[in-house]
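In: Fold the following and give me the result.
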Amino acid sequence: MNNKKIGIFVGSLRRGSFSRSIAKAAVSLSPAELEFRFINIGDLPLYNQDFDDDGQLPKSYELFRNEVAELDGFLFVTPEYNRSIPAVLKNALDVASRPYGHNVWSGKPGSIISVSPGGLGAFGANHHLRQPMGFLNILLLQQPEIYISKVASLLNEQGELVDESTRTHLKKFMDAFSEWVRVISESH
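Out: Numbering: from 1, shown residues only. Okay, here's the model as predicted:
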C-alpha cells in the first residue's frame, strides 16, 4: 500500500487539549504507511448555506474543502460536550459536505477516538459523531472501538501518553485503522 494521507480532526480547541495529546500519541503508535496531518477546524465560520448560494464563499471554506478532498482518510479525536460532539467538529463536517452534491467526505475510511477526563470515555460523543458520518458516507471502522476515560491520569505534565495499558490498546486500534484504510483503498 502506498502511504495514505490521513487528516486528524481534533474536536477540542483548548490549548492543553487532552484530545490533541491522544491524537499525537495515536500518530506515534501508528504504522508507517499512514501519513498524518492535523487539520485546523477552529477558524471556519459557522456553516451558512447563503455563502454557497450567493457565491460569497469564505476563503477558509474553499481551502478546507480542498484539503479534505485531497485526504485518503480521516481520524476524529473528540471530547464530549454536554453528552454530544463539540460544535466546532459538527461545523467542520457540515462545511465539507456542502453544497449539496459536493460532499468531499464521501467514500473514504474514517475512525473515531473519544476522550474524557470522566469515567465514560466520551461514549455519547463517539456515538453522536457516528450519526452524521453515516449520512456523509464516511466508511467508519466499527471494531475495535476506543473510548479513553480518566485521560488526565494517563498523561504526564507534558501531555504525553505514559500509561502502558492505554498505549497498547491505542496501538492495536491504530493497526486496525491502518488495515481498514488499506481495505477501503483497495476496494475503490
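In: Helices of this structure, start to end?
Out: Taking DSSP state H to define them, one finds helices in the chain at 18-28, 49-53, 59-69, 87-95, 123-136, 164-187.
In: just those helices: most buried one?
Out: Sort those by mean neighbour count, taking mean count of other C-beta atoms under 10 Å, and helix 18-28 sits at the top with a mean of 22. Glycine gets a C-beta too; all of them are placed from N, C-alpha and C.
In: what is the mean pLDDT for it?
Out: Mean pLDDT, helix 18-28: 98.
In: same check, this time on stretch 97-104
Out: Averaging pLDDT along stretch 97-104 gives 95.
In: Just the endpoints, please. Distance across it?
Out: End-to-end distance of stretch 97-104 (C-alpha to C-alpha, to the nearest Å): 6 Å.
In: Give me the residues contacting that stretch.
Out: With contacts defined as C-beta atoms under 8 Å, 6 or more residues apart in numbering, stretch 97-104 is touched by Tyr47, Gln49, Asp52, Asp53, Arg65, Val68, Ala69, Ala96, Trp105, Leu136, Asn137.
In: still on that earlier bit, mind putting the helices of the chain in TSV, distance to Pro79 included?
Out: Putting the helices of the chain into TSV (distance: least, C-beta to C-beta, whole Å) gives the following:
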stretch	distance to Pro79
helix 18-28	5
helix 49-53	28
helix 59-69	21
helix 87-95	9
helix 123-136	7
helix 164-187	16
